[in-house]
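*Asks:* I'd like to go over a predicted model; first the sequence, then the structure.
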Amino acid sequence: MAEFLSLKEAVSRHINDGDTVAMEGFTHLIPFAAGHEIIRQEKRDLTLIRMTPDLVYDQMIGAGCAKKLIFSWGGNPGVGSLHRLRDAVERGWPNQLEILEHSHAAMACAYEAGAAGLPLAVLRGYIGSDLPKVNDQIKFIECPFTGEKLAAVPSVRPDVSVIHAQRADRKGNVLVEGIIGIQKEAVLAAKRSIVTVEEVVDDLGASVNACVLPSWAITAIAEAPKGAKPSYALGYYDRDNAFYKEWDGIARDRDAFQAWLNENVFENGGA
Amino acid sequence: MAEFLSLKEAVSRHINDGDTVAMEGFTHLIPFAAGHEIIRQEKRDLTLIRMTPDLVYDQMIGAGCAKKLIFSWGGNPGVGSLHRLRDAVERGWPNQLEILEHSHAAMACAYEAGAAGLPLAVLRGYIGSDLPKVNDQIKFIECPFTGEKLAAVPSVRPDVSVIHAQRADRKGNVLVEGIIGIQKEAVLAAKRSIVTVEEVVDDLGASVNACVLPSWAITAIAEAPKGAKPSYALGYYDRDNAFYKEWDGIARDRDAFQAWLNENVFENGGA
Amino acid sequence: MSLEFTSSEMMSVTAARALNNDMTCFVGIGLPSEAANLARLTHAPDVTLIYESGTLQTKPDVLPLSIGDGELCESALTTVSVPEMFRYWLQGGKVSVGFLGTAQIDRYANINTTLIGDYREPKVRLPGGGGAPEIGTNAHEVFITVKHSKRTFVKDVDFITTVGFGRDGKARDNAPNIGRGPTVVITDLCILKPDPDTKELVVTSLHPGVTREQVIDATGWDIRFADQVDTTPEPSAKELDVLRDLKARTNAHHAGQQ
Amino acid sequence: MSLEFTSSEMMSVTAARALNNDMTCFVGIGLPSEAANLARLTHAPDVTLIYESGTLQTKPDVLPLSIGDGELCESALTTVSVPEMFRYWLQGGKVSVGFLGTAQIDRYANINTTLIGDYREPKVRLPGGGGAPEIGTNAHEVFITVKHSKRTFVKDVDFITTVGFGRDGKARDNAPNIGRGPTVVITDLCILKPDPDTKELVVTSLHPGVTREQVIDATGWDIRFADQVDTTPEPSAKELDVLRDLKARTNAHHAGQQ
């Protein structure tokens, strides 16, 4: 059964230096509060997995938490680059960042395979692309029925997955609603999981086929209202698109970034 | 876009003798009305695919529609055997029925792979089972990353899939709710699809992540109220468990079966 | 103050007791379903029951006749698709116990639900594997409940639908990513468990009033008994009450439908 | 009665016109999204728009800034998981048109959104492939819209993120289960299409007022022109109105959020 913990306690207990960590949320429900807690606790040498790194990983990479990034699209959506990510890849600041790069389809399939307990995902993918030349984790197999060549990638099986969701009930069952992305797969594929939620309620109010994660499939739950800001939580608050644009200026400059981090994460964040 | 047709027209136009036909609905929403229409139109030499053949295929097999059955569990749930299926397999009445037998996990994965446009499904399955000895469609592949031996089965890609659903809106979008089984996969895996619905409405009333099939992914829609009876439609009517029990007596005897078929399908059925 | 109970009731109660609150149980229809829900309604209110129709954490008020009755869905935490059920929940390793019935079982706990006789010319055609082949290998362990008879308990099953420990008891040795397999078999006469070394099923407990001879007569191989054979505790009055209520509710429900 | 319009507007309107009501379009963010929604708000009200965030048949009132804005979900017919989107809908062959932008494109319509320079020592690191590599091969055909410049239109892309027709134009020849690939490229200067034989992009239509020299100067290879080069029809007043309204609504919406 999921254990209700403070976010501080959940991160402290379940995320270790050197862990492989997947923090998911496809534009929607990005676990920013958890990312900031990881920064505050100065976790180091993490292998970060995420289809769309987004600002949360830009911040964590800039803060020095990551040694490796596995991803499929690393930008500030609709705005431009992730400057902290680029600074780490191109100039090794604050430390060198190794990258392993996939397509969305391959990563989605790899999470799906991880949730499904399989060692690999098979897809009709990467045809003609140079990505297999720079990612040795992409292989090709032959279909034993048709002879067709199909791409294969190892499944994603993180040490810890972290997601944000709308709400949990008091037994620890969690509802994810709207753009559900890859969250269910991330949690089910991981050895441990932390779910932050907007609120804990008596009744989830879930429809019959809603995306509900049972308590016994989750390690820890932490209440974190507005825990996805500047991303959004359908039914709770909107995406702060203005901040996403503003981030471009903050992240371009190392000093501006560090000032922002101090003010917003180290000094004024946390519970 | 889906075309609204009478059930008679939909079956006549889209199901041909010799076709491979998948009629799905996992206990819930079994397309009985469509099955009866197929019997009335005396379709022949069908390869029938279905995880749980159930009464609908017992009736179709007894009526002589099928030459082959691909399945994973062929019984009257909670009651006993499918006597028409057994009569066809064991004694060739009314004609010999070839069978190809899987496990549920393999068939579920095979439908999933069919919907996903893949030629095969890979699963951790069939270990130690004799089924691979009697089904030459079960092969084993080696994971290129771990060396693990994994089962592989060809994906299911029927000529036609037939499902029953709660409702369609006037544009032909369809809502399936409750035990959704393998219906979405069956429709998406097939070249053509027929969906019967309890009713056509202005607004589906679907929640945000509901199982909705868009009109453009469906070939034909036919209104067929009570079209799943004696199976059930959540929100509309209950499973007629008493009839499932009664069927055991009807189907045990060829004459009783034929009398039932004449009275309930040929004489009194249809639109 | 001995209570009156049937051997079927003894079986159901004993099977129910095998489950506890911490388990996530993938439930087969019939006897396993009866036992699992009895457990939920007595000592294990928080046991998680999963049916292959996609109903996660369901709490039916009456026993389902089929694996996909409406009651299962309406009382479930959520209902997922069948591929998701088999891929994420079963194959994904989230099921601690697979609870199965069977038509035939052999000394190595291999299960046959496919057919009696030869595959191409069956004497009796049974329903087939359903979910069992992968429940048997992907669940962390497997409980089996089945009525004891010579027709059912055979030396070697005609067909291995679902592997127990294989033809030689060694099928799981060194196999990667496979569950422990059958850890207990509960019948209307006794409890059997695999010998830790040979994996052959041995009787570890006799139900009250049952003799060794009865078990020997109802078993199609030279059945062995553990060094110490216990007597299975009798059902309690509460267990019997709950079981009988459940069955009465169930019968009334299914008969009442037209 | 010639209207005033910018080259960007010309590009968006022309790109929008490539779509029709019967298409199911997998929409990339940015220019493709603008064009696709313009099509939906003008001549193709029933065009089906799909975004990789899982939003099926969405009808946003303002343009999304990201691929997963709430607006997309709230106005969609339904929203599915990301694995389902890529597996069932894209790889399953349900997408007729993949509509992509790019940072670099070469004469064989190969697309680079990964990086400029060498992979291990990039001059400029770009966001990466995202959905494009499989959109490019699994969609029945691909439309590309991108601003014309020498930096963007290069003879050979530094990195093939998403295959057009490969380094030699033959990547799709005899490849099983692959879409037709890029069938049209729409820029702010012209329309290009692959030569039916060599698959090299050739200019088939110049936008009003654009000269061949402008296109030649903005292209990093020795660009060819079709035997007959058309003049692209101008935007209509209605198209311009709808486009400007859409952009104004969008700007107000995204700026207004804090």
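*Replies:* Ah, there it is.
*Asks:* Residue numbers of the stretch 151-271 of chain A in contact with chain C?
*Replies:* Taking C-beta under 8 Å from any C-beta of the partner chain as the contact definition, the stretch 151-271 of chain A meets chain C at A:173, A:184-185, A:188-189, A:206, A:208-212, A:214, A:216-217. Every residue, glycine included, has its C-beta placed from N, CA and C.
*Asks:* ok, now with 6 Å
*Replies:* Applying C-beta under 6 Å from any C-beta of the partner chain, one finds that the stretch 151-271 of chain A approaches chain C through A:173, A:188, A:208-210, A:212, A:214, A:216.
*Asks:* Please produce CSV containing these, extended by secondary structure.
*Replies:* Converted to CSV, these look like this (DSSP: H, G, I helix; E, B strand; the rest coil):
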residue, secondary structure
A:173, coil
A:188, helix
A:208, coil
A:209, coil
A:210, coil
A:212, strand
A:214, coil
A:216, helix
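*Asks:* Need the residues that contact stretch A:213-220.
*Replies:* With contact meaning C-beta atoms under 6 Å, 6 or more residues apart in numbering or on different chains, stretch A:213-220 is reached by A:1-3, A:5, A:10, A:14, A:171-174, A:187, A:192-195, C:24, C:48, C:57, C:77.
*Asks:* about what we covered before: kindly present the residues of the stretch 151-271 of chain A next to chain C as CSV, with separate columns for pLDDT and distance to residue C:41.
*Replies:* Output for these, formatted as CSV (pLDDT from 0 to 100; distance: C-beta to C-beta, whole Å):
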residue, pLDDT, distance to residue C:41
A:173, 98, 21
A:188, 98, 29
A:208, 96, 23
A:209, 97, 26
A:210, 97, 26
A:212, 98, 23
A:214, 98, 20
A:216, 97, 19
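*Asks:* Let me know the closest of those residues to residue A:76.
*Replies:* residue A:188 (28.8 Å; C-beta to C-beta).
*Asks:* Which parts of the stretch 151-258 of chain C are strands?
*Replies:* Taking DSSP state E, counting those that start in this stretch as the test, the strands found in the stretch 151-258 of chain C are C:182-186, C:190-194, C:201-206, C:224-231.
*Asks:* likewise the stretch 1-150 of chain C?
*Replies:* Using DSSP E, counting those that start in this stretch, strands in the stretch 1-150 of chain C cover C:24-27, C:48-50, C:55-56, C:78-79, C:97-100, C:104-105, C:111-112, C:115-117, C:122-125, C:141-145.
*Asks:* The longest one and chain B, any residue contact?
*Replies:* No: taking C-beta under 6 Å from any C-beta as the criterion, strand C:141-145 and chain B are apart, separated by no less than 12.2 Å.
*Asks:* Report the strands that pair with that strand, each with its relative direction.
*Replies:* strand C:97-100 (parallel), strand C:182-186 (parallel) (DSSP bridges).
*Asks:* quick check, distance from that strand to the centre of its chain.
*Replies:* Centroid separation for strand C:141-145 versus its chain: 5 Å, with C-alpha atoms, centre = their mean, to the nearest Å.
*Asks:* Could I get the CA-only coordinates of that strand as PDB?
*Replies:* Taking Å, rounded to 0.1, in the frame of the first residue of the first chain, the C-alpha atoms of strand C:141-145 are listed here in PDB:
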ATOM      1  CA  GLU C 141       2.800 -17.900  -6.600                       C
ATOM      2  CA  VAL C 142      -0.200 -20.000  -7.500                       C
ATOM      3  CA  PHE C 143      -3.000 -21.500  -5.300                       C
ATOM      4  CA  ILE C 144      -5.100 -24.200  -6.800                       C
ATOM      5  CA  THR C 145      -8.400 -25.400  -5.500                       C
END
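*Asks:* Enumerate the residues of chain A near chain D.
*Replies:* So far as C-beta under 6 Å from any C-beta goes, chain A lies against chain D at A:26-28, A:73-75, A:77-78, A:86, A:89-90, A:101, A:103-105, A:108, A:112, A:124-125, A:127-130, A:134, A:148, A:178-182, A:232, A:234, A:240-242.
*Asks:* So which of the residues you listed belong to helices?
*Replies:* A:86, A:89-90, A:104-105, A:108, A:112, A:134, A:241-242 (DSSP state H).
*Asks:* Buried subset of the residues of chain A next to chain D as a ChimeraX selection?
*Replies:* To isolate the buried ones among those in ChimeraX, judged by 16 or more other C-beta atoms under 10 Å in any protein chain shown, type:
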select /A:26,27,28,73,74,75,77,78,86,89,90,101,103,104,105,108,112,124,125,127,128,129,130,134,178,179,180,181,182,232,234,240,241
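*Asks:* List just the nearest of the ones in helices among the residues of chain A next to chain D to residue C:174.
*Replies:* residue A:112 (28.4 Å).
*Asks:* and the closest residue to the closest one other than its chain neighbours, how many neighbours?
*Replies:* Nearest in space to residue A:112, with sequence neighbours left out and distances taken as C-beta to C-beta, 6 or more residues apart in numbering or on different chains, is residue D:83 at 4.1 Å. Using other C-beta atoms under 10 Å in any protein chain shown, residue D:83 has 26 neighbouring residues.
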